[in-house]
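> Quick one: sequence and predicted model below, then my questions.
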Amino acid sequence: MNIALLGYGRMGQTIEQIAIKRGHNIVLKVDKDDKDYDITKADVAIDFSIPNVAFNNISNCLNNNVPVISGTTGWLENYDNAVALCKEKKGAFIYASNYSLGVNIFFELNKTLAKMMSTLKQYNVSMEEIHHTKKLDAPSGTAISLANDIIEFNTNFKAWELDSTKEEATIPIVAKRIEDVPGTHTVNYESEVDTITIEHIAHNRQGFALGAVIAAEWIVGKTGVFTMNDVLNIG
Ligand SMILES: NC(=O)C1=CN([C@@H]2O[C@H](COP(=O)(O)OP(=O)(O)OC[C@H]3O[C@@H](n4cnc5c(N)ncnc54)[C@H](OP(=O)(O)O)[C@@H]3O)[C@@H](O)[C@H]2O)C=CC1
Ligand SMILES: O=C(O)C1=N[C@H](C(=O)O)C[C@H](O)C1
């Protein structure tokens, strides 16, 4: 498969290594100053760039009939526009806030726990995410996915907020930035008598990158807007 990498930073470079090991060719590497590139020479594009260019990169792929795997976080105000463009162009598109198998299992665990806690009003939920100091967005895309799933599956919570909150029905998310941390996410349910914690700790970026390459292999030849649950057949 011929792959275009939109964004050639920490993730782009890790994806390149894994894609080559799995027998693919990297035909395009696009970074900040690469403006006039021909996306049509790729069978599939993988975007891990920066929040304010992600939607433009995705649109360029969809307008040129190139399936696109979107991993960049912090651009979701344009997600519905990406979905609409994908449908209009009969293209193929996946966004996932986290491509690792472990986090996608963690997402399911979080939904199940949220459902179980729905009737137990004595528990307050809070979340923490820790990432490296170069991260541009906060809270992380993964933390937003976790919080939205809690809101969907637990009627006690209606919204999330960065840092602390006085609203009982609002989930506080604390975002910490510590040198070299690839990504840690924690969900806590706390009552007066105990605390229940679930946590995912990424040890490196390999899991995110492998998941993105698997998603790229899966999407070629398909039409539609998909999620990692479709790729991994879970959920
Ligand atoms: N969904 C998931 O599983 C994961 C998502 N992420 C997300 O992926 C994104 C990238 O992370 P990471 O690789 O660590 O970040 P990096 O900062 O290492 O890489 C981003 C790259 O994008 C480049 N870039 C800037 N402008 C453009 C442009 N117009 N077109 C294409 N590329 C451009 C940057 O170039 P320059 O440095 O020259 O500006 C940089 O090389 C983040 O949003 C992060 O949150 C990260 C890990 C997992
Ligand atoms: O920026 C990162 O590094 C990561 N970003 C994603 C996010 O915002 O959730 C996924 C992972 O946690 C690493």
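Right, received. Where do you want to start? Numbers count the residues shown, from 1 in each chain. Ligands and ions are numbered 1, 2, ... in the order given.

> Walk me through the domains of the chain.
If you go by automatic domain parsing, the domain ranges for the chain are 2-95+206-232, 101-202.

> most packed of the ones you listed?
Compared across the domains of the chain, domain 2-95+206-232 shows the largest average neighbour count, a mean of 19 (mean count of other CB atoms under 10 Å). From N, CA and C alone the C-beta is placed, and that goes for glycine too.

> Ends of it, what's the gap?
22 Å (CA to CA, to the nearest Å).

> Quickly note the distance from Ala216 to Leu85.
Separation of Ala216 from Leu85 (CB to CB, to the nearest Å) stands at 19 Å.

> how about the residues of this structure that lie near ligand 2?
Taking CB under 6 Å from any ligand atom as the measure of proximity, the chain contacts ligand 2 at 73, 97-98, 131, 135, 140-142, 183.

> got JSON lines for the residues you listed, with secondary structure and distance to Val174 too?
Shown next, in JSON lines, are the residues of the chain next to ligand 2 (DSSP: H, G, I helix; E, B strand; the rest coil; distance: CB to CB, whole Å):
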{"residue": "Thr73", "secondary structure": "coil", "distance to Val174": "17"}
{"residue": "Ser97", "secondary structure": "coil", "distance to Val174": "18"}
{"residue": "Asn98", "secondary structure": "coil", "distance to Val174": "18"}
{"residue": "His131", "secondary structure": "strand", "distance to Val174": "12"}
{"residue": "Lys135", "secondary structure": "coil", "distance to Val174": "14"}
{"residue": "Ser140", "secondary structure": "coil", "distance to Val174": "11"}
{"residue": "Gly141", "secondary structure": "helix", "distance to Val174": "16"}
{"residue": "Thr142", "secondary structure": "helix", "distance to Val174": "14"}
{"residue": "Gly183", "secondary structure": "coil", "distance to Val174": "15"}
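
> Closest one to Thr14 out of those residues, please.
The shortest approach to Thr14 among the residues of the chain next to ligand 2 belongs to Gly183, at 12.8 Å (CB to CB).

> Just list the residues touching the residue nearest to that closest one when sequence neighbours are not counted, thanks.
Spatial nearest neighbour of Gly183, excluding adjacent residues (CB to CB, 6 or more residues apart in numbering): Ala202 at 4.2 Å. Ala202 makes contacts with 100, 102-103, 182-184, 208, as judged by CB atoms under 8 Å, 6 or more residues apart in numbering.

> if you set the cut-off to 7 Å instead, what comes out?
By CB atoms under 7 Å, 6 or more residues apart in numbering, Ala202 lies in contact with 100, 182-183.

> For this structure, which segments count as helices?
Ranges of helices in the chain, per DSSP state H, are 10-21, 51-63, 79-89, 101-117, 141-153, 206-219, 228-232.

> Mind giving me the packing neighbours of the fifth one?
Packed against helix 141-153 by the contact rule (3 or more CB pairs under 7 Å, 6 or more residues apart in numbering; DSSP states H and E) you find helix 101-117, strand 124-131, strand 170-177, strand 184-190.

> let's see it at 6 Å
For helix 141-153, the packing partners by 3 or more CB pairs under 6 Å, 6 or more residues apart in numbering; DSSP states H and E come out as helix 101-117.

> Would the helix it packs on count as contacting ligand 1?
No - residues of helix 101-117 are not located near ligand 1 by CB under 6 Å from any ligand atom, the shortest gap being 7.5 Å.
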